[in-house]
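# Quick one: sequence plus predicted model below, questions after.
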Amino acid sequence: MRVAFVGKGGAGKSAIAGTFARLLARRGQPVLAIDSDPLPGMAFSLGLDRDDAPLPDEAIEDRPEDEEGPRYRLRAGLSAAEAIDRYAATAPDGVRFLQFGKIRTDPRALFRSQIAFRQIIHELPEDRWHLVGDLPGGTRQAFTGWGGYADTYLVVVEPMAKSLLSARRLARLASSADRPVRVLAVANKVTEPGDVELIARRSGLEVVASVPLEPAFADAERSGRAPLDVVPDSVAVGAVSLLLERLDHQQLKGATT
Ligand SMILES: Nc1ncnc2c1ncn2[C@@H]1O[C@H](COP(=O)(O)OP(=O)(O)O)[C@@H](O)[C@H]1O
Ligand SMILES: [Mg+2]
């Protein structure tokens, strides 16, 4: 499974993506979680206690001048898979976690790390891990560059005017990827019976999951803990689990849109 969560800031991408990744890992599957949002949030939703772990300097070197490409690259001999084995954080349930890095760290170190991050994303071996991504909000770049590994985009949408507007735009952007992708909506912070229908109508997308408003998610955020550890038996976590099952099932049927 190769999914990437997109949506307006605050819609709930990180909360859902982190929970999704761990639930998938609990099935005994190898999972790589990828946070490429420069306003990162996935570390905490996975249950890691620090949210800034760019690739270390030793993993990166200057690209030789006679070689084409960006200024830096992964150290010679270090493959993308090895870089992950060695340097990706390990979150609860065994989820491996790779992060683009925060905007506010030392700019030069971050730049090196980000170029290497891109290279890793580009060179990820097929079939080694299930991939669960947390993408930055709104540009085409998110889909063609950062989310290039995904075969399914999940647009997280709140039943609120602005979120609905951006969902339609994101749906269009996601569908404009230069390869076949599946684009589905996840309704989040649902409170009214009509919310799901509203989101389906306004976004033009099939809504594959409906996650209710769960105040404990916000509490989890405040205490820096994973929603899955704070309210494992909540309806909201149950809804993410159902999402996983539905995608798995559709995958088996080979369904695409
Ligand atoms: N289903 C939900 N119920 C209540 N609060 C939620 C829910 N999903 C997310 N949140 C809260 O909304 C805020 C934004 O969520 P977050 O996952 O950080 O959004 P994004 O990654 O899209 O910017 C956080 O405080 C989070 O705890
Ligand atoms: Mg986020």
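Cool, got the structure. Ligands and ions are numbered 1, 2, ... in the order given.

# Next, the buried residues of the top helix by length along the chain.
Counting by DSSP state H, the longest helix found in the chain is helix 235-253. For helix 235-253, a neighbour-count test (16 or more other CB atoms under 10 Å) marks 236-237, 239-244, 247, 250-251 as buried. Quick note: C-beta positions are derived from backbone N, CA and C, even for glycine.

# got the residue ranges for the strands in the stretch 151-257 of the chain?
Applying DSSP state E, counting those that start in this stretch to the stretch 151-257 of the chain gives strands spanning 152-157, 182-190, 207-212.

# hey, where'd the helices end up in the stretch 101-250 of the chain?
107-123, 140-141, 161-175, 195-203, 215-222, 227-230, 235-253 (DSSP state H, counting those that start in this stretch).

# Ok, which of these comes nearest Leu131?
Leu131 sits nearest to helix 107-123 of all the helices of the stretch 101-250 of the chain, at 9.3 Å, using CB to CB.

# which residues touch the closest one?
By CB atoms under 8 Å, 6 or more residues apart in numbering, the list of residues contacting helix 107-123 from outside reads 34, 36, 54-55, 57, 59-60, 70-74, 79-80, 83-84, 98-103, 145-146, 148-149.

# how about the residues of the stretch 101-250 of the chain near ligand 1?
Contact residues, the stretch 101-250 of the chain versus ligand 1 (CB under 6 Å from any ligand atom): 188-189, 211, 213-214, 217-218, 221, 236.

# Mind picking the lowest-pLDDT entry from these?
On pLDDT alone, Glu221 ranks lowest of those, at 89.

# how near is the nearest residue to that residue once chain neighbours are set aside to Arg222?
Spatial nearest neighbour of Glu221, excluding adjacent residues (CB to CB, 6 or more residues apart in numbering): Phe44 at 7.0 Å. Distance of Phe44 to Arg222, given as CB to CB, to the nearest Å: 10 Å.

# Counting neighbours around each, name which of the two comes out higher.
Phe44 (21 against 7; other CB atoms under 10 Å).

# Provide a list of residues in contact with the more buried one.
Phe44 sits in contact with 14, 18, 51, 221, 224-226, where contact means CB under 8 Å, 6+ apart.
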